[in-house]
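*Asks:* model this:
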Amino acid sequence: MRNREYIRINKPTSSFPTNTNLLRELDDEFWKNWVFYYLLSFYKNFSYQELKTKIKKEQHNPRPRIEREIAKFIRKSLRCDPDFCFCGFKVIGEASNDEDAEGYYDIIVNHSYWKNEFHCECKNLSLEPGKNLIGKYVCYNTGQSIYDGGVYRYFNGKYSQNQDFGGMLGFVLFDNIQIIKSKIIERLNIKFDTSPNGDIKQVLDNSIEENDFTFDSTHNRNNLNFKLHHILFDFTSVF
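*Replies:* Predicted structure coming up:
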């Protein structure tokens, strides 16, 4: 698993026009395909030892935030990718240090000529008893009929309100990634208690370069289709 030969990755065949007017006319699919390429490139090439060191250091904190450290590591890796920067992409995220604050994306990839941007919510995933991490990835009741969750935030007015797509990055630190993927899809098929917004319409499995750690889910949002792109990173070998 360490050589990560199982990861399918192909550089998009559609190149960047040199004419800025043509750049502005490119559709979301063009830009998203490049974002997927760079995220998969990160996954295929990241340093296990560097990430392991960062996680071990974070684990010694009184209130460790592994999820945040991995998201920071991904952002740093993208910024250090010369091809990513040469093509004009930028990555930002975590506008707040308050882990309970809502409305802040963990990762945003944008480009000067892209009218939209790729919003990504990052979540740890585990099947460990007593930890509702699948619920936190999708939707869960925090108490007194107050709901939260990574996917849910795209349907309660917080995330990507002016776009018809968004992203979810799941970090699998323990357990079997395919079982976790099945559990997520199973949870997505449960209707939200709050409104029809978010109700699932379709799941496209292995959606990004036919990688079995990816899938797309299409949901109802204000009677329109909203698509979420899910990528699950297997970090079990880091531990």
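*Asks:* can you pull out the helices in the chain?
*Replies:* Using DSSP state H, the helices of the chain run over residues 20-25, 28-45, 48-59, 66-79, 82-86, 133-137, 177-188.
*Asks:* I'd like the ones you listed as JSON lines, with mean neighbour count and mean pLDDT appended.
*Replies:* For every residue, glycine as well, the C-beta is placed using N, CA and C. Formatted as JSON lines, these follow (neighbours: other C-beta atoms under 10 Å; pLDDT from 0 to 100):
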{"stretch": "helix 20-25", "mean neighbour count": "12", "mean pLDDT": "94"}
{"stretch": "helix 28-45", "mean neighbour count": "19", "mean pLDDT": "97"}
{"stretch": "helix 48-59", "mean neighbour count": "14", "mean pLDDT": "93"}
{"stretch": "helix 66-79", "mean neighbour count": "19", "mean pLDDT": "95"}
{"stretch": "helix 82-86", "mean neighbour count": "12", "mean pLDDT": "96"}
{"stretch": "helix 133-137", "mean neighbour count": "21", "mean pLDDT": "95"}
{"stretch": "helix 177-188", "mean neighbour count": "17", "mean pLDDT": "96"}
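*Asks:* could I get the ones you listed as JSON lines with distance to Thr236?
*Replies:* Formatted as JSON lines, those follow (distance: least, C-beta to C-beta, whole Å):
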{"stretch": "helix 20-25", "distance to Thr236": "40"}
{"stretch": "helix 28-45", "distance to Thr236": "13"}
{"stretch": "helix 48-59", "distance to Thr236": "11"}
{"stretch": "helix 66-79", "distance to Thr236": "13"}
{"stretch": "helix 82-86", "distance to Thr236": "26"}
{"stretch": "helix 133-137", "distance to Thr236": "14"}
{"stretch": "helix 177-188", "distance to Thr236": "8"}
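*Asks:* To Pro12, which of those helices lies closest?
*Replies:* Nearest to Pro12 among the helices of the chain is helix 28-45 (4.6 Å), distances taken as C-beta to C-beta.
*Asks:* Show me what the closest one is packed against.
*Replies:* On a contact count with 3 or more C-beta pairs under 8 Å, 6 or more residues apart in numbering; DSSP states H and E, helix 28-45 meets helix 66-79, strand 89-92, strand 107-111, strand 118-125, strand 165-172, strand 224-234.
*Asks:* what about 7 Å?
*Replies:* helix 66-79 (3 or more C-beta pairs under 7 Å, 6 or more residues apart in numbering; DSSP states H and E).
*Asks:* Work out the gap between the helix it packs on and the centre of the chain.
*Replies:* Between the centre of helix 66-79 and the centre of its chain there are 12 Å (C-alpha atoms, centre = their mean, to the nearest Å).
*Asks:* And the contacts of that helix?
*Replies:* Helix 66-79 is contacted from outside by 38, 42, 46, 51, 54-55, 58, 84, 91, 93-94, 106-107, 122-124, 171, using C-beta atoms under 7 Å, 6 or more residues apart in numbering.
*Asks:* With Asn21 as the reference, measure out to the residue lying closest to Tyr159 once chain neighbours are set aside.
*Replies:* Distance criterion C-beta to C-beta, 6 or more residues apart in numbering; nearest residue to Tyr159, sequence neighbours excluded, is Arg153 at 4.6 Å. To Asn21, Arg153 is 35 Å away according to C-beta to C-beta, to the nearest Å.
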